[in-house]
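Chemist: Here is the input, now give the coordinates:
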Amino acid sequence: MRDFIDKHRPDIFLIQETHLGPSDSLQIPNFTTYRNDRPHAPNCSPRGGTAILLKSSLPHHHTPTPPMGTLEATSVTLTPPGGTPLLISSIYISPSIPYQHINTDLEALFSLGGASILCGDFNAHHTSWGSRRIDYRGTIIKNLLDSTDTQIIAPQTPTRFGHISASIIDFALTRNLHWHCQVESIAELSSDHNPILISFDTNARFAFPKHIPKPEHVSSNHYLYK
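Modeler: Predicted structure coming up:
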C-alpha cells in the first residue's frame, strides 16, 4: 500500500475492511490517520473496520461517527481557509448484516456537513450503475438517488471480482458537490476489490464551482481513493 501511495500520490486515501485491532498500527509518512476498528471477541481475528489517511498539510478535523445501525464509517471534514467545509467519509457495508438501517445511516452521515462525499464498499448491486443484478442494498441506494439530491460517482468497469462474477459495488455518493470529476477502477494491489481513483477538478482553495457541464479552467486536482 505504501508503494501504491508513493506511485499515485493521493491527497486522501480511504480504506475499508482494514482488519485492524487495538495492537495494530497504521502510519504512512506525511499522512494523518483516522480509523474506526470493528470490535471483536477475544481470540478472534479482527474483521471489518474503516480508515482515512490524508495529507497532514490539508486543513481538516476529525468528525466523530454518529451511532450506526448497519454502516461502518470514518469521517473527516476538510476546512480550507476561506472555503466551504467538505465532509469525507470512508464507508463499509458488510454483506452479512441486516440492511434495514442503510438509509438512516447514510442520512446521519450526510447531516454532518453540507457538501459531502461518502465513498467506499457499499456491497450494493444495481444495474443503474453498471452491476449485472439488483439486490436489496442496491434498491435502497437507488431509491435514495431518486428521492433526494444525492449523486453517484461510479466507474464504468468492475470494482470487485469473485470466482464467477464481477460487479461494481465500490463507488461514492455526494451531496451539494458539483465538481467535475473522473473516476476509474485500477487493476492494482492484491485485494478482490480494485482501488478506485476519483479525481476532482478544483482550485487550490477547494472553492465550490457552480454546476456547469464543462468547466473552462482547472487549476489543481484532488484525489480520493478506496
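
Chemist: contacting residues for residue 161?
Modeler: Contact analysis of residue 161 by Cβ atoms under 8 Å, 6 or more residues apart in numbering lists 192, 193, 194. Heads up, the C-betas are built off the backbone N, CA and C, glycines and all.

Chemist: In JSON lines, list these along with distance to residue 142 and pLDDT.
Modeler: Below are these laid out as JSON lines (distance: Cβ to Cβ, whole Å; pLDDT from 0 to 100):
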{"residue": "192", "distance to residue 142": "24", "pLDDT": "86"}
{"residue": "193", "distance to residue 142": "21", "pLDDT": "90"}
{"residue": "194", "distance to residue 142": "22", "pLDDT": "91"}
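
Chemist: what's the helix or strand for residue 146?
Modeler: Following DSSP states H and E, one finds residue 146 within helix 136-147.

Chemist: can you pull the buried residues of stretch 21-38?
Modeler: 26, 31, 32, 33, 34, 35, 36, 37, 38 (16 or more other Cβ atoms under 10 Å).

Chemist: The helix or strand following the helix holding residue 146 pairs with which strands, and in what direction?
Modeler: Proceeding N to C from helix 136-147, the next assigned helix or strand is strand 151-153, under DSSP H and E. Strand 151-153 sits in its sheet next to strand 170-175 (antiparallel), going by DSSP bridges.

Chemist: Can you tell me the SS state at residue 3?
Modeler: Secondary structure, DSSP: H, G, I helix; E, B strand; the rest coil: residue 3 is helix.

Chemist: So which bits of stretch 101-121 are buried?
Modeler: Judged by neighbour count (16+ other Cβ under 10 Å), stretch 101-121 contains these buried residues: 101-103, 105-106, 108-110, 112-113, 115-121.

Chemist: Can you pull out the low-pLDDT segments for the protein?
Modeler: Applying pLDDT under 70 to the chain flags residues 41, 43, 163-164, 202-226.

Chemist: Go ahead and name everything in contact with the helix or strand residue 33 falls within.
Modeler: Using DSSP H and E, residue 33 maps to strand 31-36. Here strand 31-36 makes contact (Cβ under 8 Å, 6+ apart) with 5, 13, 18, 20, 26-27, 49-56, 60, 62, 65, 72-76.

Chemist: after that strand, next one along is what?
Modeler: Next along the chain after strand 31-36, taking DSSP H and E as the criterion, comes strand 50-55.

Chemist: just how off-centre is that next one within its chain?
Modeler: 10 Å (Cα atoms, centre = their mean, to the nearest Å).

Chemist: Which secondary structure elements does it sit against?
Modeler: Of the remaining helices and strands, those touching strand 50-55 by 3 or more Cβ pairs under 8 Å, 6 or more residues apart in numbering; DSSP states H and E are strand 12-16, strand 31-36, strand 72-78, strand 86-92.

Chemist: how about 10 Å then?
Modeler: Helices and strands touching strand 50-55, by 3 or more Cβ pairs under 10 Å, 6 or more residues apart in numbering; DSSP states H and E, are strand 12-16, strand 31-36, strand 60-63, strand 72-78, strand 86-92, strand 115-121, strand 220-225.
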